[in-house]
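Q: Need coordinates for the following:
(one chain, ligands or ions: 1)
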Amino acid sequence: METYTYHTPVLTQEVLTYLLTAKNGYYVDGTLGGGGHAKAVLERLDRLGKVIGIDLDDDALAASRERLAQFGDHAIIVKENFRNIKFVLSQHGVNTVQGVLLDLGVSSFQIDESDKGFSFRADAQLDMRMDRHQQIDAKQVVNQYDEQPLADILWKYGEEKHARRIARAMVHYRIQHPIESTGQLAAIIERTVGGQFLNKTLARVFQAVRIEVNNEMENLRHAIRDCIDVLNPGGRIVVLSYHSLEDRLIKEAFRAASAHSIPSGHKIVPDTPVQPVLNVLTRKPVTASEEEMAANPRSRSAKLRAAEKV
Ligand SMILES: C[S@@+](CC[C@H](N)C(=O)[O-])C[C@H]1O[C@@H](n2cnc3c(N)ncnc32)[C@H](O)[C@@H]1O
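A: Residues are numbered from 1 along each chain as shown. Model prediction:
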């Protein structure tokens, strides 16, 4: 496994096995990050093959521009949201591609770079925006949302069982002072739930706020449909996810696109037959080996699902 200081790519061999079906094809990496997966793909392409790499984060774009410079115009790097994949392709005169990769969430670099405010392990301004030009940040979510929507977010995106108590504590605290730093948010959570599982609670709450700030579930829901649309017949979509909400969404999207009928929902009304669009290649998600998990803790929660356009 290749190591690189920006971010160590997860399940690289498995990504290549599922994604690559033509050495001269065009591929989209919708979550370019430090360019680890993109580099591995580019190394296996022939003269006409290209990777269109998309990311929202300026630091990721700068890191991957440097890392992929050796591939010249075989690597096309674009600042965009992957949900706008069709727009990006149209800007480059491309209609369909041979493969799309999404490696969801944030990179180790984003987590470790404390000024982005993603981590409860370092005290920093609460920010959590992947795209620094976006308006809404974590400070606005925790200070401006009412108690009920805040609790719903912690419950829905963090699957946090103390969601209601934590949301109430946040609202109570901010009557006196705005919640401006990761340290303040972590201290509110600690005072509310404490206990031996504190780190897990902190991780769940921070994850929930991050998902809300970056509109991650909505982006994914929207993107999956368009990623499938832009595939050539025989082209593949590969998605790596890191929490159960994302994995469920992908599993259901793949299931719907590979169905042979739409259930009528009624006993005596027959189901409507439809032409499946996808053939799912991974009945169960692929996970990292023991060795990879030991070498790269981030791979522990990774789940890879892949499907082929019919
Ligand atoms: C897990 S990292 C990808 C790491 C990459 N595979 C590598 O090998 O370095 C996820 C990246 O996706 C980006 N990202 C997340 N959501 C995005 C979105 N909706 N549109 C574009 N980029 C996004 C993040 O900024 C981050 O750089």
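
Q: Following element in sequence after the helix or strand hosting Ile111, please.
A: Using DSSP states H and E, Ile111 maps to helix 108-112. Sequence-wise, the next helix or strand downstream of helix 108-112 (DSSP H and E) is helix 138-144.

Q: by contact count, what packs against that following helix?
A: When contacts are defined as 3 or more C-beta pairs under 8 Å, 6 or more residues apart in numbering; DSSP states H and E, helix 138-144 packs onto helix 147-158, helix 163-176, helix 198-213. C-betas here are computed from N, CA, C, even on glycine.

Q: Quick one: name the residues of this structure near the ligand.
A: Contact residues (C-beta under 6 Å from any ligand atom) of the chain with the ligand: 7, 9, 31, 33-37, 54-57, 60, 81-83, 103, 105-107, 130, 219.

Q: Look up which residues are beta-bridged to Arg236.
A: Arg236 has the following beta-bridge partners by DSSP bridges: Gly99, Glu308.

Q: about what we covered before: any idea which of the helices and strands packed on helix 138-144 is most buried?
A: Compared across the helices and strands packed on helix 138-144, helix 198-213 shows the largest average neighbour count, a mean of 21 (mean count of other C-beta atoms under 10 Å).

Q: what helices or strands is the next helix or strand after that helix leaning on?
A: As assigned by DSSP H and E, the chain's next helix or strand after helix 198-213 is helix 216-229. For helix 216-229, the packing partners by 3+ C-beta pairs under 8 Å, 6+ apart come out as helix 85-91, strand 97-103, strand 231-241, helix 244-258.

Q: What are the structural domain limits within this protein?
A: Domains of the chain are assigned by automatic domain parsing as 12-109+216-309, 135-213.

Q: Adding mean pLDDT, write the ones you listed out as JSON lines.
A: Shown next, in JSON lines, are the domains of the chain (pLDDT from 0 to 100):
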{"stretch": "domain 12-109+216-309", "mean pLDDT": "96"}
{"stretch": "domain 135-213", "mean pLDDT": "96"}
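
Q: Now distance to Arg121 too, for those, in CSV please.
A: Formatted as CSV, the domains of the chain follow (distance: least, C-beta to C-beta, whole Å):
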stretch, distance to Arg121
domain 12-109+216-309, 12
domain 135-213, 8
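
Q: for the protein, which residue is closest to the average position?
A: When C-alpha atoms, centre = their mean is applied to the chain, the residue found nearest the centroid is Leu104 (1.9 Å).

Q: Isn't that residue up against Glu246?
A: Yes: counting by C-beta atoms under 8 Å, Glu246 is a contact partner of Leu104 at 5.5 Å.

Q: Against the centre of the protein, work out the most remote residue.
A: Here the centre of the chain is the reference, and by C-alpha atoms, centre = their mean the most remote residue is Ile268, at 40.9 Å.

Q: Could you tell me whether that one really is in a strand?
A: No: applying DSSP: H, G, I helix; E, B strand; the rest coil, one finds Ile268 to be coil, outside a strand.

Q: Val142 versus that one, what's the distance?
A: 51 Å (C-beta to C-beta, to the nearest Å).

Q: cool, and Ile111?
A: Counting by C-beta to C-beta, the gap from Ile111 to Val142 is 19 Å.

Q: All set, thanks.
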